[in-house]
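Novice: Model the structure of this input:
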Amino acid sequence: MDKEKMLKVSWEKGGLEYNEERLRGVFETFGEVEDVVIRSSKKKGSALVVMASKEAAVAASGSVCGDVSNPLLVIRLQAAVANCEPVKSSDGQQHVNEEEVVGEAFEDSVLQKLQKAAERQK
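Specialist: Numbers count the residues shown, from 1 in each chain. Next comes the predicted model:
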């Protein structure tokens, strides 16, 4: 799968809930949606949305806000992965932000599941 077509989406829990159908509806205004994979935690919901084209992903990442009562945070996956760089601490050693590593591991896991699902459909 092309990471340039993927969007990382998150929202706060407690307000309007987003499901696959609702997310598809929001993102289809920017182009065809290939897949939506939702992951929820106690504090916030998140999903990976795979658009049919890079152009649709770029348009959606610059425009989508979801419902006003519970807005969506939309980040292009390619940009999120590119920004995950080691940081030097005060002791001179390089460290990677743990949240970024966990997020990247989740994204890789979801990407593998999407690839397996796509293979099963063939």
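Novice: how about the strands of the chain, start to end?
Specialist: When assigned using DSSP state E, the strands of the chain occupy the ranges 6-12, 33-40, 44-51, 66-67, 70-71, 73-76, 87-88, 94-95.
Novice: quick one: which of these is nearest residue 20?
Specialist: strand 33-40 (4.6 Å; C-beta to C-beta). Glycine gets a C-beta too; all of them are placed from N, C-alpha and C.
Novice: I'd like to know which elements the closest one is packed against.
Specialist: helix 20-27, strand 44-51, helix 98-121 (3 or more C-beta pairs under 8 Å, 6 or more residues apart in numbering; DSSP states H and E).
Novice: Strand 6-12 and that strand, what's the angle between them?
Specialist: Inter-element angle recorded for strand 33-40 and strand 6-12: 40 degrees (by axes from the mean of the first three to the mean of the last three C-alpha atoms, to 10 degrees).
Novice: Would you mark the buried spots in strand 33-40?
Specialist: 33, 34, 35, 36, 37 (16 or more other C-beta atoms under 10 Å).
Novice: ditto for stretch 6-18
Specialist: Burial within stretch 6-18, assessed by neighbour count using 16+ other C-beta under 10 Å, is assigned to 6, 7, 8, 9, 10, 11, 18.
Novice: Go ahead and confirm the fourth one touches residue 50.
Specialist: Going back to what we said before, that points to residue 9. No. Using C-beta atoms under 8 Å, residue 9 is not in contact with residue 50, being 11.1 Å away.
Novice: CA atoms only: put stretch 47-54 into PDB for me.
Specialist: Extracted in PDB, the C-alpha atoms of stretch 47-54 (Å, rounded to 0.1, in the frame of the first residue of the first chain):
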ATOM      1  CA  ALA A  47      -8.500   5.500  12.400                       C
ATOM      2  CA  LEU A  48      -6.500   5.100   9.200                       C
ATOM      3  CA  VAL A  49      -8.300   6.200   6.100                       C
ATOM      4  CA  VAL A  50      -6.900   5.000   2.700                       C
ATOM      5  CA  MET A  51      -7.900   7.200  -0.200                       C
ATOM      6  CA  ALA A  52      -7.800   6.000  -3.800                       C
ATOM      7  CA  SER A  53      -5.300   8.700  -4.800                       C
ATOM      8  CA  LYS A  54      -2.500  10.800  -3.300                       C
END
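Novice: No more questions from me, cheers.
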